[in-house]
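>>> what's the 3D shape of this:
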Amino acid sequence: MQELAARVNLLSTPCWRRVQKLQDAGVIRKQVVLLDPAKVGLNVSVFVHIKTRNHSHVWYVNFAEKIARYDEVAEFYRMSGEYDYLMRIVVADIAAFDRFYKRLVEETPDLSDVTSSFAMEQIKYTTALPI
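Residues are numbered from 1 along each chain as shown. Take a look at the predicted model:
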């Protein structure tokens, strides 16, 4: 908090109060620690594009709830365009992804296409917003 206060030219207590107001307003959703994936054994990022035959609201809600329970899913989006959903999966190796993939297609009815792309190199990654 002292470092932040110095950067915005405030004392620690007023800075803390402003941060607290931002948290209360939902502007700051969560404070996290960012880990180096390679140092914790999660060396593989896979982007999974999904098409579905079922576009009902009930199917969507069930699918979203199911995907939220998979620890391997780092990001999950409903998309416009050719594919309906996009996920970023983080796993230790190809075998771990294969286990995830088999579980996903076995447990999820109405998938018409599941296409995976393995990231070869992470060129840029940030959680900072451009504000």
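>>> I'd say S116 and I50 touch.
No - taking contacts as Cβ atoms under 8 Å, S116 lies outside contact range of I50: 9.8 Å. C-betas here are computed from N, CA, C, even on glycine.
>>> looking at the two, which is more packed in?
A count of neighbours by other Cβ atoms under 10 Å puts I50 above the other of S116 and I50, at 23 against 15.
>>> so the more buried one is in which element?
According to DSSP states H and E, I50 maps onto strand 44-52.
>>> how far away is the closest residue to S45 other than its chain neighbours from V48?
Closest residue to S45 apart from its sequence neighbours, by Cβ to Cβ, 6 or more residues apart in numbering: A119 at 4.1 Å. Separation of A119 from V48 (Cβ to Cβ, to the nearest Å) stands at 12 Å.
>>> so what secondary structure elements neighbour the strand or helix carrying I89?
Secondary-structure assignment from DSSP H and E places I89 in strand 85-91. Secondary-structure packing of strand 85-91 (3 or more Cβ pairs under 8 Å, 6 or more residues apart in numbering; DSSP states H and E): strand 44-52, strand 73-78, helix 94-107.
>>> which strands and helices sit next to the shortest one?
For strand 73-78, the elements it packs on are helix 57-68, strand 85-91, judged by 3+ Cβ pairs under 8 Å, 6+ apart.
>>> and the first one with strand 85-91, angle?
Right, the one you point to is helix 57-68. Interaxial angle, helix 57-68 versus strand 85-91 (axes from the mean of the first three to the mean of the last three Cα atoms, to 10 degrees): 20 degrees.
>>> and helix 57-68, which residues are buried?
Neighbour counts using 16 or more other Cβ atoms under 10 Å place F63, I67 of helix 57-68 among the buried residues.
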